[in-house]
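Q: For reference, the sequence and a predicted model appear below.
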Amino acid sequence: MTLTLAPRLETNRLILRSPVKADADAVIAFLMDEVRSDGFGGFDNRPDAWRWFALNVGHWHWHGYGYFIIEDKASGKPAGIAGIWNPEGWPEPEVGWVVFDGFEGKGIAYEAALRVRQWAYEDLGFTTLTSNIVPGNTRSIRLAERMGATYERTYDNPNMGEDMLYRHPGPEALA
């Protein structure tokens with residue numbers, strides 16, 4: 001049973017879908033991995049990581065968008081999360097992404113983030129999006145720049161501390 005009303009989006013290799021209860025362990029494992037979740041905001045205990053999983057479900061119900069589960073079509077396994085994130089305290093909606101252990105270096109985050117951005121512009125009517133990146137997260141900076149996003153400013157993120165805001169090109173620039 002899906003936990004949100006998220007649409008099912010596809011790319012050549014990926015399915016972006018609503019979280020289901022069975023996804024909790026993969027997301028929680030990522031969030032509790034201090035090295036892998038660095039730059040995303042991990043947790044040192046399962047209850048807090050579980051609360052973040054539930055927070056994402058609530059985010060979908062509050063906003064009508066949130067993080068999709070990225071499912072690898074070839075294996076059927078959760079490969080990461082990507083979506084639009086805008087909790088209380090965020091400067092504006094952002095395109096966010098992470099991939100889980102074993103799925104890095106395959107272009108999955110890029111492919112998922114492009115599809116999420118397309119959905120946000122075409123289906124949700126967004127006219128601008130950002131990506132908020134912790135300084136030193138060079139992989140995410142490269143991915144944002146590959147998507148055409150440019151550094152705009154640094155700000156104080158209430159959850160992450162210092163964050164760099166990258167602005168994505170609007171839908172008119174991508175047409």
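A: Sure thing, it's come through.

Q: what comes up buried for the helix ranked longest in the chain?
A: Scanning the chain for the longest helix, with DSSP state H as the assignment, gives helix 46-63. Using 16 or more other CB atoms under 10 Å as the test for burial, helix 46-63 gives 49-50, 52-53, 56-57, 59-60. Backbone N, C-alpha and C define where each C-beta goes, glycine included.

Q: ditto for stretch 118-129
A: Quick answer for stretch 118-129 (16+ other CB under 10 Å): 119-121, 126, 129.

Q: contact partners of the longest helix of the chain?
A: 3-6, 18-19, 23-24, 27-28, 31-32, 41-43, 65-67, 81, 84-87 (CB atoms under 8 Å, 6 or more residues apart in numbering).

Q: Let's see that with 6 Å instead.
A: 3-4, 6, 24, 27-28, 31-32, 43, 66-67 (CB atoms under 6 Å, 6 or more residues apart in numbering).

Q: chain center to that helix, what's the gap?
A: Counting by CA atoms, centre = their mean, to the nearest Å, helix 46-63 is centred 13 Å from the centre of its parent chain.

Q: Got phi/psi on Glu92?
A: phi -180, psi 170 (degrees, to the nearest 10).

Q: what do you get for Leu114?
A: phi -60, psi -40.

Q: how many other residues sit next to it?
A: A total of 19 residues lie near Leu114 under the criterion other CB atoms under 10 Å.

Q: Nearest residue to it in space, ignoring adjacent ones along the chain?
A: Nearest residue to Leu114 in three dimensions, chain neighbours excluded: Met147, at 6.5 Å (CB to CB, 6 or more residues apart in numbering).

Q: Count residues in the vicinity of the one you found, would you?
A: Using other CB under 10 Å: Met147 sits among 19 other residues.
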